[in-house]
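Peer 1: Got a sequence here, can you build the structure:
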Amino acid sequence: MIDRGPIIFNGTLEAGVRAVAVLVSAYPDSFDIQRLTAYDYLLVRTSVLNGPKDLHPSAPIRTPATEVRRKVVQDAIFLMMTRELIERDTDESGITYRAGEAAAMFLESLTTPYIIALKERANWLTAQLSGYDDTTFDGMMRNFFDQWMVEFQDVEIIDEEPIL
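Peer 2: Numbers count the residues shown, from 1 in each chain. Next comes the predicted model:
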């Protein structure tokens, strides 16, 4: 049997663990769903920020599929809230999420190589982006989105060329 490396899942549980890792590393800061969705993508693709090697293997089209990813992240946050790993804060600016009381202890109990690498990248990512206000962060993500759109269009054009 060929060893293809670890199987990577992108479901609610994995996205929840990623959200907990980000929120623990950023504690006591809290983030809205938009930023957590972006962090979910950036956490597994740290090389786009000239950071550590990507946690997940490359794909031909790396677009973050924001609508799909946002739904997964939102479901993940709600799952983690049921276990008191994430707490919701509300104020005049809206809804944000932060690490819950049990979050750090939960992460410390997970010791697989994948989780260790995930925690290292979460620490790196939150340190890299800690000085970004919403406007700066949104501008950076807009630049990535523009690059991904060009990449997608290039792949789409290649796919449409007739085969001779």
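
Peer 1: you'd agree residue 103 is up against residue 23?
Peer 2: Yes: using Cβ atoms under 8 Å, residue 103 is in contact with residue 23, at 6.4 Å. Bear in mind the C-beta positions are built from the backbone N, C-alpha and C, glycine included.

Peer 1: of the two, who's got more company?
Peer 2: residue 23 (30 against 22; other Cβ atoms under 10 Å).

Peer 1: Ranking helices and strands of the chain by mean pLDDT, which lands last?
Peer 2: helix 134-160 (a mean of 66; mean pLDDT, DSSP states H and E).

Peer 1: returning to that earlier point: list residues touching both of residue 103 and residue 23?
Peer 2: Common neighbours of residue 103 and residue 23, counting by Cβ atoms under 8 Å, 6 or more residues apart in numbering, are residue 86.

Peer 1: Share the number of residues neighbouring residue 89, please.
Peer 2: Neighbours of residue 89 using other Cβ under 10 Å come to 12.

Peer 1: Over to residue 100?
Peer 2: Neighbours of residue 100 (other Cβ under 10 Å): 20.

Peer 1: shouldn't it be in contact with residue 89?
Peer 2: No: look at residue 100 against residue 89 with Cβ under 8 Å: they stay out of range, at 11.1 Å.

Peer 1: residues contacting the residue nearest the centre of the chain?
Peer 2: In the chain, the residue lying closest to the centroid (Cα atoms, centre = their mean) is residue 40, at 0.9 Å. By Cβ under 8 Å, 6+ apart, the contact set of residue 40 is 15, 18-19, 22, 69, 72-73.

Peer 1: And for it, nearest residue in space, chain neighbours not counted?
Peer 2: residue 73 (5.1 Å; Cβ to Cβ, 6 or more residues apart in numbering).

Peer 1: what does stretch 78-92 contact?
Peer 2: 12-13, 16, 19-20, 23, 30, 77, 95-103, 106.

Peer 1: how many neighbours does residue 16 have?
Peer 2: Neighbour tally, residue 16, other Cβ under 10 Å: 24.

Peer 1: Pull out the buried positions in the helix or strand where it lies.
Peer 2: For residue 16, the element it lies in under DSSP states H and E is helix 12-26. By 16 or more other Cβ atoms under 10 Å, the buried positions in helix 12-26 come out as 12, 14-26.
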